[in-house]
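1. sequence below, structure please.
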Amino acid sequence: MAPRLDSLRSLPWTALALSLLGLVVAASGAWFVVQWHTPGMPSLGIERIQYDAAWAFVFGGAALATYVAGFSAVGRLCAFVPVVLGALRVMASVAPGRIAVHPILANPWLPLGAGSYNDMGLLSGVVFVVLGAGLASLRSKRYGPWRAVLVALLAAIAVALAILLLLGAWFGGIVASQWLQLAGGERSAAVLFLLLGGGVLAHALLGGEAEQHAVRRWTPAIVGFAAFICALVLWRALSVQETRYVQNATRLVAADIRGRVEVALEQRVRTLQRLADRSVIYEFTEAQFLKDAGGLLGAGAEAPDLEAVAWADADLAIRWVATRARAEAGGLRVDPAQPLGGEALLTLHQPVVTRFIDLSSGGKGFAIAAPA
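-> Predicted structure coming up:
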């Protein structure tokens, strides 16, 4: 079997097939790039790949073709482009806001300005890093057993992730799109990933006898590690999605609590404002105030959480106080120096809420001031 594979690699048609495969991937990426620069160009029913991903496929396909043609230095330079683009996308996900240009390869020739395009999918960025590393590890001639194992391992991981991307993009629906953080264009990208990854894997498998023996020996480990990477990606996607669910649920609960607090606070403000408005209708005495305020503090009152109701004169000095315990509320004060206290009350002539203050009965609270 090994001599047969060795002879296959030496055949011209094998090199020609791998070169054509690389050129097909590069041409497909170039076609998508032209589509981005020509909005009126027909898509032929094919989902358009994201702009950065299209350029990565151009250089990835070119890297495979030039490696097979014997230009290792050129192929290595081309292979670094998808690695850099994928790494930048992963870093943008780890540190949001650091890379704010969408797409990464924004240029003046795009119809829309920078920031008007979507990002590359996170999983696509990971595949580009792995696949680009595999391309950079290729050699035009024999490259030793361990390098063959390394190339086969990277190619197997890329193919496994491409299959995961293919299943998620084609059959996963909205749930898979959220879990895998798909950004659009992954249906076409997954097919190109499979073609390019298969080409790299074939290049590794068509090595010399020693290289083929090493790859066969390490095949269980290669397959197992590729499956482990897929499981790790799925676990990470599930963890991120669970975090999003928790955050969304927390925001909903917080919004509900905020609404309840605002409604309750508005009710207390209206209650105290009605009491203040009554003082201008008839002669307001201490006895009348204590009677009216007692109705707000008694059992079954409209505002059962009020601790005390006080009446202050024009200089904001408290004259009368009614409390639940009918005790002196010496610690209850309206501070004219507070930003939300007396100055705002006199200037705006509208109800205001103070900052938290120390209550004479212990604990913290806040005061609602309503002008008469």
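
2. center of the chain, which residue is that?
-> Centroid-nearest residue in the chain, with CA atoms, centre = their mean: residue 93, separated by 6.8 Å.

3. what sits against it?
-> By CB atoms under 8 Å, 6 or more residues apart in numbering, the residues touching residue 93 are 122, 125, 181. Placement of C-beta: from N, CA and C, glycine included.

4. make sure the last one is actually in contact with residue 120.
-> No - with contacts counted by CB atoms under 8 Å, residue 181 stays clear of residue 120, the gap being 10.4 Å.

5. which of those two has more neighbours?
-> residue 120 (31 against 18; other CB atoms under 10 Å).

6. need the contact list for that one.
-> 50, 52-53, 85-86, 89, 103-104, 128, 183.

7. over to residue 90?
-> Neighbours of residue 90 in contact, by CB under 8 Å, 6+ apart: 122, 125-126, 129.

8. what residue ranges in the stretch 51-200 of the chain score low on pLDDT?
-> In the predicted model, the stretch 51-200 of the chain carries pLDDT under 70 at residues 100-101, 140-143, 172-173, 175-176, 179.

9. same thing but at 90, please
-> Residue ranges of the stretch 51-200 of the chain with pLDDT under 90: 67-73, 75-76, 89-125, 136-152, 164-188.

10. of the contacts of residue 120 - the most surrounded one?
-> That'd be residue 53 among the contacts of residue 120, by other CB under 10 Å, with 33 neighbours.

11. quick one: that one and residue 193 touch, right?
-> No - using CB under 8 Å, residue 53 is not in contact with residue 193, being 9.6 Å away.

12. identify the contacts common to these two.
-> residue 124.

13. ok, and for stretch 234-251, which residues are buried?
-> By neighbour count on 16 or more other CB atoms under 10 Å, the buried set for stretch 234-251 is 236-237, 240.

14. so what touches that stretch?
-> So stretch 234-251 is contacted by 164, 178-181 (CB under 8 Å, 6+ apart).

15. can you tell me which of those lies nearest to residue 60?
-> Using CB to CB, residue 164 is the member of the contacts of stretch 234-251 that sits closest to residue 60, with 18.6 Å.

16. the closest one - nearest residue in space that isn't next to it in sequence?
-> residue 230 (5.4 Å; CB to CB, 6 or more residues apart in numbering).

17. the one you found: what secondary structure?
-> Recorded secondary structure, residue 230: helix (DSSP: H, G, I helix; E, B strand; the rest coil).

18. could we number from 883 for the rest of this?
-> Done: numbering now begins at 883, and the last item shifts to residue 1112.

19. what about it, neighbour count?
-> 15.

20. quick one: residue 1193 is in a strand?
-> Yes - according to three-state DSSP, residue 1193 belongs to a strand.

21. any chance of the backbone angles for the nearest residue to it once chain neighbours are set aside?
-> Closest residue in space to residue 1193, ignoring its immediate chain neighbours: residue 1202 at 4.4 Å, by CB to CB, 6+ apart. Backbone geometry at residue 1202, expressed as degrees, to the nearest 10, gives phi -130, psi 140.

22. going along the chain, name the strands of the chain.
-> 1190-1194, 1200-1205, 1234-1240, 1246-1251 (DSSP state E).

23. in CSV, list the ones you listed along with mean pLDDT and distance to residue 1107.
-> Formatted as CSV, the strands of the chain follow (pLDDT from 0 to 100; distance: least, CB to CB, whole Å):
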stretch, mean pLDDT, distance to residue 1107
strand 1190-1194, 79, 70
strand 1200-1205, 77, 73
strand 1234-1240, 74, 57
strand 1246-1251, 76, 57
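
24. which one, of the ones you listed, ends up nearest to residue 1154?
-> Using CB to CB, the strands of the chain put strand 1246-1251 closest to residue 1154, at 5.5 Å.

25. packing partners of that closest one?
-> Judged by 3 or more CB pairs under 8 Å, 6 or more residues apart in numbering; DSSP states H and E, the packing partners of strand 1246-1251 are helix 1101-1160, strand 1234-1240.

26. can you check which of these gets nearest to residue 1195?
-> Evaluated over the helices and strands packed on strand 1246-1251, closeness to residue 1195 peaks at helix 1101-1160, with 12.8 Å, by CB to CB.

27. mind checking how far the closest one is from the chain centre?
-> 14 Å (CA atoms, centre = their mean, to the nearest Å).

28. now do the contacts for residue 1254.
-> 1158-1159, 1161-1162.

29. could you find the closest non-adjacent residue to it?
-> Counting by CB to CB, 6+ apart, the residue nearest residue 1254 is residue 1158, at 4.3 Å.

30. name the residue most distant from the centre of the protein?
-> Max distance from the centre of the chain (CA atoms, centre = their mean): residue 1165, 62.9 Å.

31. returning to what we had before: so which of the strands of the chain is the most packed in?
-> strand 1190-1194 (a mean of 20; mean count of other CB atoms under 10 Å).
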